[in-house]
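*Asks:* Predicted structure and sequence below. I'll ask about it afterward.
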Protein chains: 2
Amino acid sequence: MDLAAAERDGPFIPGPRVEREGAASGPLAGLDFAVKDLYDVRGAVTTYGHPDWGRTHGEAVADAPVVSMLLEAGARLVGKTKTVELAYGLTGENIWHGTPRNPAAPGRFPGGSSCGSAAAVAAGLVDFAMGSDTGGSVRIPASYCGVYGIRPSWGALTLAGCCPLSPSFDTPGWFAKDAATLRRVGQVLLPAGCAELPKGPLLKVEEAWTIAEPALARALLPALEAVEKRLGAALPLRIAPEGLRTLYENFRWMQAAEAWASLGGWITRHQPVFGPGVAERFAAARDLPPELAAAGRRFRRSFQARLKGLLAGGAVLVYPTSPFPAPLLSASAAELQSVREMTMSVTAIAGLGGLPEVTVPVARVDGAPVGLSLVAAAGEDLGLLALAEALAADIAR
Amino acid sequence: MDLAAAERDGPFIPGPRVEREGAASGPLAGLDFAVKDLYDVRGAVTTYGHPDWGRTHGEAVADAPVVSMLLEAGARLVGKTKTVELAYGLTGENIWHGTPRNPAAPGRFPGGSSCGSAAAVAAGLVDFAMGSDTGGSVRIPASYCGVYGIRPSWGALTLAGCCPLSPSFDTPGWFAKDAATLRRVGQVLLPAGCAELPKGPLLKVEEAWTIAEPALARALLPALEAVEKRLGAALPLRIAPEGLRTLYENFRWMQAAEAWASLGGWITRHQPVFGPGVAERFAAARDLPPELAAAGRRFRRSFQARLKGLLAGGAVLVYPTSPFPAPLLSASAAELQSVREMTMSVTAIAGLGGLPEVTVPVARVDGAPVGLSLVAAAGEDLGLLALAEALAADIAR
C-alpha cells in the first residue's frame, strides 16, 4: 500500500470515501458523521484496521444496526475512519493505513483504538463520529484530541455488524466537538432512561488523581470545581484498596482471554502481520495462563458489586480521563508501555464496572488537551450526558 | 454425511466425542455437562450446526470463557450437542446432523435451537448442558423435553468464543434435570447479585394464558397455585395492550436484521444449503425492509420501559413457557409456522425485555411435558433460581 501523505496522516481509511445520505428529516438532520472501520456499511469492505481482515471478509452485506439508526435519524455518513489493527491498542498507530495526525496536538499520538474518529471530530471534518471502547478506545483518543467522548453502559447499544475484540467489555461509543451534539446522538442511540442530572454525591477517585501527571491534575482543578458547584464538594474515595494497578492487571487478563477467544482463530489461520505492540499483545493473549483469566473474572465480580453499592442513588465518580496528555510520536516503546499500563489502571474502572463514562475536554497541558471524566451507575447514560452539557455551559460562562 | 441411526437421533454431534476433565475440585465437581456446538472448545471444530461453518472456520484455538468457567469449577465436559443450523429455529431439526429424539415425548420434536443440550439432559446423559437463547432456544426445548432451563438476563454472561445470531438478544443459557443443579450452575456463571427469593407481587400475564392450548393451561394450574402460596394470589396483567402478536413481529424484525448483519456476509460468500425453515428465515432476513427493523427498535425501547416499571421492586411474571407441547414430527410446515408465531409471541416478552426467565417442568399434556415460566427484572437471576428451587420442593412435597 503506497499512500499519499494526505491519506497517511488523515483520519479516514485510504481509498474512496464511504458515503451515505441520511433520512430527509430526523433528530440528527444536518449532521455529518463518520464511523470507525469496524462498523459494517453495506457494500463496503470493513478492514478492522488490517488489509487481511478486509480481504478475508469481503464486502459487508448489511449496515450495522447502529449505522442504520444514525442514518434513519437524518445524519449523513461521510466516511470510515482508521482504527488500530483489530482495535487492540491505545496509541492510534496503524502501520497499514497510517497513523492519523492529532489535530489538537501536532507531534503527538491521536490515541486509539478509535484514532480516526477522534481526529476527524477534532479537525472539524464531521460533527460526530462513532468509535468503540473496550479498554479506553473512545475515552483516551477523546482526551488526547480534545473532544467530547462517551463510552456508554456496557450492553446499552447493540454490536451487531461490528467486529469483536473482547465481548464482555466491548461497547460502541462516540465523539463530538460539543456536549450538545454528544447528547443528541445519545438520545437517538441509547435506550429510554432517566435523563435528569445525577443527584450526586460527587466522589473523587483519589488514586486516579494521584497517579496523574501533577500539571495535568492541576489543570483539571477549575473544571472539578465547576462540577462541585453542581453536585456538592467532592468526597475523597479510595476505589481500589488493593492498588489501582490491580484493576489494570485483572482487566488485561480478561481482555486478553476474550480477545484470543474471539480473534485467535482468524489470526492462527491467516497469520497477519501486525504493527508494534499489537503483535506482542496478541501473542501474550495466546499464551495467557488460564488461571489469570479466571482470577480476572473473580476480581470483576467483587469489583462490580463494590461499584454498584458506591454508585446506587446517583453518585458520580470524577477523575482525569488519562493520567497523561497524548505521548509524543517520538516516545520509546518502553515509555508507551508504561503510559499504557498507568492509563489502563484508570480506564479499567468503568471497563470492569460496565459503567458509562463521559470525557469532557476542559484543559491543556504542555500544548496538549486533557479531559475530565464523569462516571455514573450503569444505565445512567442520559443523565450523565445532561451533566456533561450543563458542565460545558458552566465552564463556558 | 452418512450417519449411524444412533448418531442421527442422538443429542451429540456426530463423530468422536469432545471431552475434557474439569478441575479436581470445585462447586461443580462430580457433574458431567455438554455444550451446544456453538461454544468453542479448544482443539475441536465448532460446526454451529452446519458442516460448511466448521469447514470454513477450522479448529477453535481457545475455549469460550463460559466453558472455562465450568471446567474450572470442577465439571467434566462429555460432549458437544446438536443445534439447529446457525441457531435459527425452534423445532430442533437439523438436516446435517440429524434431529435428536425427544426422550420425554417420542414422536415429537425436541425443540430448538438448543435441541441436543435439552435432549441430553432429558435422557440423563449429563447433569446439565449449555445452550443459548435468542428467541426461545433454551426455554422452548426445556419445556418440550421436560427439563429445567434458564435464559439469564441479557448480558449477564459473556458470549466470547460463541457464534452470534442476533447479538442484542443472544444469551448463553443452560438446562438441568433438577432445580438445585440449575441453580448451582448459576452460582458459578452469574455475576454476584441478590440471591433472595423475589418478594412479588406475582403477575399473571393474561394473554399468554389465553393463547395457550386449554388443556396445557389447565395442566399448569396446580403449579401456579404453588407459586401463589409463596408470592400471594396472582394479579392479572395485560402486558401488551397492542396485542401479543405485536411482540412477535417486532422481535422477529429486529432478530432478522441482526441475524443478517451478523451472518449475512458468511452466507453470501459460502452459499450454504439450509434445511427447511432456516433457508426461508435467512432469505427473509436478507430482504427485510429496513423500516421494519427501525420499528422494532422503537417498540423495544417503549416495551422495555414498560417492563422496567412493572418489575421494579420484586415482581414476578408467570405464564406457560410455550402455548403448546412439542409438535409432532409429522406436523406440516404450515402447522409448525403457526406454532412458531404463537410461541414467539410469548418468548418475545423476556426476549425484548432482556429479562431472566426460568422454566420449570411441572406437568404433561397428551403425553408430552410442559413448563411453567417465571420471569423477573433484569439482574434478578439468582433470586429467580432460588424461587424455582423452592417451588420444585413445594411441588414434590
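*Replies:* Structure's in. What do you need? Numbers count the residues shown, from 1 in each chain, chains lettered A, B, ... in the order given.

*Asks:* Now A:S137. Nearest residue, chain neighbours left out?
*Replies:* Leaving aside its chain neighbours, A:S137 sits nearest to A:S113 (4.1 Å; criterion: CB to CB, 6 or more residues apart in numbering or on different chains). Where C-beta positions appear, they are placed from N, C-alpha and C, glycine not excepted.

*Asks:* For the one you found, pull up the helix or strand it's in.
*Replies:* For A:S113, there is no host helix or strand (DSSP states H and E).

*Asks:* if I pick it, what's in contact with it?
*Replies:* A:36, A:49, A:83-84, A:87-90, A:92, A:131-132, A:134, A:137, A:141 (CB atoms under 8 Å, 6 or more residues apart in numbering or on different chains).

*Asks:* So which of those residues belong to strands?
*Replies:* Counting by DSSP state E, the contacts of A:S113 place A:K36, A:G131, A:S132 in strands.

*Asks:* Compile the contacts of A:S113 into TSV and extend it with columns for pLDDT and neighbour count.
*Replies:* Formatted as TSV, the contacts of A:S113 follow (pLDDT from 0 to 100; neighbours: other CB atoms under 10 Å in any protein chain shown):
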residue	pLDDT	neighbour count
A:K36	98	35
A:G49	98	31
A:T83	98	31
A:V84	98	31
A:A87	98	29
A:Y88	97	27
A:G89	96	26
A:L90	97	27
A:G92	97	30
A:G131	98	33
A:S132	98	28
A:T134	98	25
A:S137	98	35
A:P141	98	36
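
*Asks:* If we ignore the residues flanking it in sequence, what's nearest A:K229?
*Replies:* Nearest non-adjacent residue to A:K229, counting by CB to CB, 6+ apart: A:D394, 6.8 Å away.

*Asks:* Check the secondary structure at the one you found for me.
*Replies:* Look at A:D394: counting by DSSP: H, G, I helix; E, B strand; the rest coil, its state is helix.

*Asks:* domain ranges for chain A?
*Replies:* For chain A, automatic domain parsing gives the domain ranges A:5-189, A:202-396.

*Asks:* can you list the residues of the stretch 201-350 of chain A near chain B?
*Replies:* Residues of the stretch 201-350 of chain A found near chain B (CB under 8 Å from any CB of the partner chain) are A:257-258, A:260-262, A:264-265, A:268-269, A:286, A:290, A:293-294, A:297, A:301-302, A:304-305.

*Asks:* Emit the PyMOL select command for whichever of those are buried.
*Replies:* Restricted to buried positions by 16 or more other CB atoms under 10 Å in any protein chain shown, the PyMOL selection for those reads:
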select buried, chain A and resi 257+258+260+261+262+264+265+290+293+294+297+304
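
*Asks:* tell me the average confidence for stretch A:255-270?
*Replies:* Taken as a whole, stretch A:255-270 carries a mean pLDDT of 97.

*Asks:* Using CSV, write out every CA atom in that stretch.
*Replies:* Taking Å, rounded to 0.1, in the frame of the first residue of the first chain, the C-alpha atoms of stretch A:255-270 are listed here in CSV:
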residue,chain,number,x,y,z
GLN,A,255,-9.5,-8.7,27.9
ALA,A,256,-6.7,-10.9,26.5
ALA,A,257,-8.6,-14.2,27.1
GLU,A,258,-11.6,-12.9,25.3
ALA,A,259,-9.6,-11.3,22.5
TRP,A,260,-7.9,-14.6,21.8
ALA,A,261,-11.3,-16.5,22.1
SER,A,262,-12.8,-14.0,19.6
LEU,A,263,-9.9,-13.5,17.2
GLY,A,264,-7.3,-16.2,17.8
GLY,A,265,-8.9,-18.5,15.2
TRP,A,266,-8.7,-15.9,12.4
ILE,A,267,-5.1,-14.9,13.5
THR,A,268,-4.0,-18.6,13.5
ARG,A,269,-5.5,-19.3,10.1
HIS,A,270,-4.3,-16.1,8.3
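
*Asks:* Centre of the chain to that stretch, how far?
*Replies:* In terms of CA atoms, centre = their mean, to the nearest Å, the centre of stretch A:255-270 is set 21 Å apart from its chain centre.

*Asks:* Check stretch A:241-254 too.
*Replies:* Using CA atoms, centre = their mean, the offset of stretch A:241-254 from its chain centre is 19 Å.

*Asks:* Closest to the centroid, which residue in chain A?
*Replies:* Nearest to the geometric centre of chain A sits A:V138, at 1.4 Å (CA atoms, centre = their mean).

*Asks:* The contacts of A:S113 in helices, which ones?
*Replies:* Mapping the contacts of A:S113 onto helices (DSSP state H) picks out A:P141.

*Asks:* just the contacts of A:S113 now: which is nearest chain B?
*Replies:* Using CB to the nearest CB, A:T134 comes nearest to chain B of the contacts of A:S113, at 11.5 Å.

*Asks:* And for A:G186, nearest residue in space, chain neighbours not counted?
*Replies:* Spatial nearest neighbour of A:G186, chain neighbours left out: A:L385 (4.8 Å); criterion: CB to CB, 6+ apart.
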